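> Quick check, what structure comes out for this input:
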Amino acid sequence: MTEQQSPRVPTSAAATPQRFRGRIRGLDGPRGIACMCVLAVHVTAHYSEDTASSAKLQLLGQALIFFFALSGFLLFLPIVRDLFLGKDAQPNVRAYAIHRALRIFPAYLVIFLITNFALQVSFVDNAQQTLVAGSEAGTGMITNPLSLLANLTLVQTYFPSLIQTGINPAWSLTLEIAFYISLPIIGAVLFWLRRTRGWSPLALTMAAPIALVVLGSIGKVFASWLQSREGITDVVEANFGPNWSAVVLRSFLGGSDAFAFGMAAVVVFVAVGTGVIGSKAARRIRFWSVIALFPSLVLMLAFLVKGSAFQSTFTSLASGLIILIIVLPLAEGGESKMADALDFKPFEYLGRISLSIYLWHFPMLMALGKWGLMAGDDWAGLVRNFVLLSVVSIALGSITYRWVEKPGLMYARKFKSK
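Have a look, this model is predicted:
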């Protein structure tokens with residue numbers, strides 16, 4: 001059934017289906033900025049711990065949640081688009097699965113193998129337990145077959161004895177993959193409900209992020225119970241230590257809400273673009289999104305100070321609001337000065353290669369220290385370390401993007417559904 005044949009297609013939706021395809025302006029730049037914020041947190045905390053702490057630079061680490069919210073927005077978009085355009089089935093799942101696998105695994109495998117066997121700066125045991133600020137303690141070459149297999153397949157985060165081994169920030173990729181797997185299931189349920197119950201696309205698609213917020217909240221409460229049962233009182237240990245609380249919080253059960261508000265943002269984006277939400281209402285939504293950003297950040301800080309896992313929920317809410325503020329004018333084919341500013345070429349480039357930068361930065365952080373190239377705990381040392389690691393990570397990221405990521409993505413396009 002074509003879009004024009006479906007009686008459920010709003011007139012404006014049938015006229016502008018291409019608006020929801022291809023690159024959306026203003027989103028690659030924030031991805032690049034977020035990536036560099038994560039790099040800054042890790043390098044400053046490791047080599048300039050006191051200086052970074054005095055400046056509260058650890059707050060920049062919340063930028064990681066933006067990645068999840070952005071994934072929620074971009075990957076839920078095809079499902080939302082096709083529901084609003086009156087299609088009878090979700091986009092091709094096989095093409096989606098191939099594209100997602102080739103998005104992550106080629107770059108990850110290359111960088112992990114170099115990290116483990118050439119640089120020998122993989123975390124052999126849990127990083128939270130073995131990491132010592134200013135040193136490469138805990139790193140080496142993983143030789144245990146089970147640990148090696150788990151890290152090669154990105155399932156190490158599901159085992160207390162293996163969590164935070166290998167490239168320790170790669171736990172976020174494990175969570176991303178879980179989200180990738182969930183989306184076709186979510187899509188199948190939504191399209192089935194549309195066919196059998198006749199629910200409106202707006203109600204259906206908003207139900208999905210609400211469900212993920214509920215699931216993530218259940219996971220966080222469960223993790224809190226596990227912490228009490230195991231006598232864990234340290235926040236870092238609860239989130240990254242070799243225990244079941246960390247497994248739950250780093251898994252989709254405890255982290256699904258990180259994607260939810262990006263998903264909610266894309267529902268509003270498509271609803272505006274198809275005319276389900278009018279122009280006047282869209283302007284009000286954007287205005288109130290700006291207003292709501294401040295209390296969401298305050299709540300994020302409050303839960304962060306409290307040591308509550310729910311801080312990520314409000315960080316995701318703030319991320320979703322930021323995304324909506326950037327792109328909502330584009331939904332109707334208008335202009336967004338914020339999107340244009342964030343499309344600044346250096347920012348956009350960093351966003352394009354952000355996966356490789358993200359994967360390289362921690363191994364190189366450890367390797368540069370191992371080679372005696374990192375400075376000490378003062379402002380001069382902090383700036384020097386950040387600049388050096390940034391240059392090295394961007395250079396290596398550019399190489400792996402050009403020769404590993406990009407060829408994989410180009411190949412994946414052969415399977416992309418039209």
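> Would you mind listing the buried residues in the helix ranked longest in the chain?
For the chain, the helix reaching the highest residue count under DSSP state H is reported as helix 201-230. Neighbour counts using 16 or more other C-beta atoms under 10 Å place 201-202, 204-209, 211-213, 215-217, 219-220, 222-224, 226-227 of helix 201-230 among the buried residues. To be clear about C-beta, it is placed using only N, CA and C from the backbone, and glycine gets the same treatment.
> and the helix or strand following that helix, what other elements does it pack with?
Using DSSP states H and E, the helix or strand that follows helix 201-230 in sequence is helix 235-240. On a contact count with 3 or more C-beta pairs under 8 Å, 6 or more residues apart in numbering; DSSP states H and E, helix 235-240 meets helix 127-130, helix 244-250.
> Out of these, which one sits most buried?
helix 244-250 (a mean of 24; mean count of other C-beta atoms under 10 Å).
> gap between it and the chain center?
In this view, helix 244-250 has its centroid 17 Å away from the chain centroid, taken as C-alpha atoms, centre = their mean, to the nearest Å.
> For that helix, name the packing helices and strands.
helix 171-197, helix 201-230, helix 235-240.
> Any buried residues in the shortest one, and which?
Spelled out, that is helix 235-240. Under the neighbour-count criterion of 16+ other C-beta under 10 Å, helix 235-240 has 237-240 buried.
> Roughly how far does Leu293 sit from Asn168?
Leu293 sits 31 Å away from Asn168, going by C-beta to C-beta, to the nearest Å.
> In terms of neighbours, single out the busier of the two.
Relative neighbour count places Asn168 above the other of Leu293 and Asn168, with 23 against 18, counting by other C-beta atoms under 10 Å.
> Including distance to Phe179 and mean pLDDT, could the helices and strands packed on helix 235-240 go into CSV?
Converted to CSV, the helices and strands packed on helix 235-240 look like this (distance: least, C-beta to C-beta, whole Å; pLDDT from 0 to 100):
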stretch, distance to Phe179, mean pLDDT
helix 127-130, 23, 94
helix 244-250, 13, 97
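> want to try JSON lines for the ones you listed, with distance to Trp192 as columns?
Shown next, in JSON lines, are these (distance: least, C-beta to C-beta, whole Å):
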{"stretch": "helix 127-130", "distance to Trp192": "42"}
{"stretch": "helix 244-250", "distance to Trp192": "29"}
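> right, and the ones you listed - which one's nearest Ile181?
Checking the helices and strands packed on helix 235-240 against Ile181 by C-beta to C-beta gives helix 244-250 as the closest, at 15.5 Å.
> contact partners of that closest one?
128, 157-160, 163-164, 171, 174-175, 219-220, 222-224, 226-227, 230, 232, 237-240, 254-255, 309 (C-beta atoms under 8 Å, 6 or more residues apart in numbering).
> Pull out the buried positions in the helix or strand that comes right after it.
Following helix 244-250 in sequence order, the next helix or strand is helix 252-255 (DSSP H and E). Buried residues in helix 252-255, counted by 16+ other C-beta under 10 Å: 252-255.
> Just list what helix 252-255 packs against, helices and strands only.
Checking 3+ C-beta pairs under 8 Å, 6+ apart, helix 252-255 ends up next to helix 171-197, helix 201-230.
> After that helix, heading C-terminal, what element do we hit next?
For helix 252-255, the succeeding helix or strand toward the C-terminus, using DSSP H and E, is helix 257-273.
> Please point out which parts of that next one sit buried.
Those would be 257-273, for helix 257-273 by 16+ other C-beta under 10 Å.
> Tell me the gap between that helix and the middle of its chain.
Distance, centroid of helix 257-273 to centroid of chain: 15 Å (C-alpha atoms, centre = their mean).
> do stretch 275-288 as well
Taking the mean of its C-alpha atoms, stretch 275-288 sits 27 Å from the chain's own mean (C-alpha atoms, centre = their mean).
> That one: which residues count as buried?
For stretch 275-288, by 16+ other C-beta under 10 Å, it's 275-277, 282, 285-286.
> Repeat that for stretch 319-333.
Those would be 319-332, for stretch 319-333 by 16+ other C-beta under 10 Å.
> Using CSV, write down the CA coordinates of that stretch.
Provided in CSV are the C-alpha atoms of stretch 319-333 (Å, rounded to 0.1, in the frame of the first residue of the first chain):
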residue,chain,number,x,y,z
SER,A,319,18.8,16.1,26.4
GLY,A,320,15.4,15.5,24.8
LEU,A,321,14.4,19.1,25.4
ILE,A,322,17.6,20.3,23.9
ILE,A,323,17.1,18.2,20.8
LEU,A,324,13.5,19.4,20.5
ILE,A,325,14.6,23.1,20.8
ILE,A,326,17.2,22.6,18.1
VAL,A,327,15.1,20.7,15.5
LEU,A,328,11.5,21.6,16.0
PRO,A,329,11.5,24.6,13.5
LEU,A,330,12.9,22.2,10.9
ALA,A,331,9.9,19.9,11.2
GLU,A,332,7.8,22.3,9.1
GLY,A,333,10.6,23.1,6.7
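> Now do it, average pLDDT.
Stretch 319-333 shows a mean pLDDT of 94.
> same check, this time on stretch 254-270
Mean pLDDT, stretch 254-270: 97.
> After the lowest-mean-pLDDT helix or strand in the chain, which helix or strand is next?
Across the helices and strands of the chain, mean pLDDT, DSSP states H and E gives its lowest value to helix 11-15, namely a mean of 43. Remark: after helix 11-15, the chain's next helix or strand is helix 28-47, criterion DSSP H and E.
> Following the chain onward from that following helix, which element is next?
Heading C-terminal from helix 28-47 (DSSP H and E), you reach helix 49-54.
> Does anything pack onto that following helix? Which helices or strands?
Right, helix 49-54 is packed against helix 28-47, helix 379-400 by 3+ C-beta pairs under 8 Å, 6+ apart.
> if we go to 7 Å?
On a contact count with 3 or more C-beta pairs under 7 Å, 6 or more residues apart in numbering; DSSP states H and E, helix 49-54 meets helix 379-400.
> What mean pLDDT does the helix or strand that comes right after the helix it packs on get?
For helix 379-400, the succeeding helix or strand toward the C-terminus, using DSSP H and E, is helix 406-412. Helix 406-412 carries an average pLDDT of 90.
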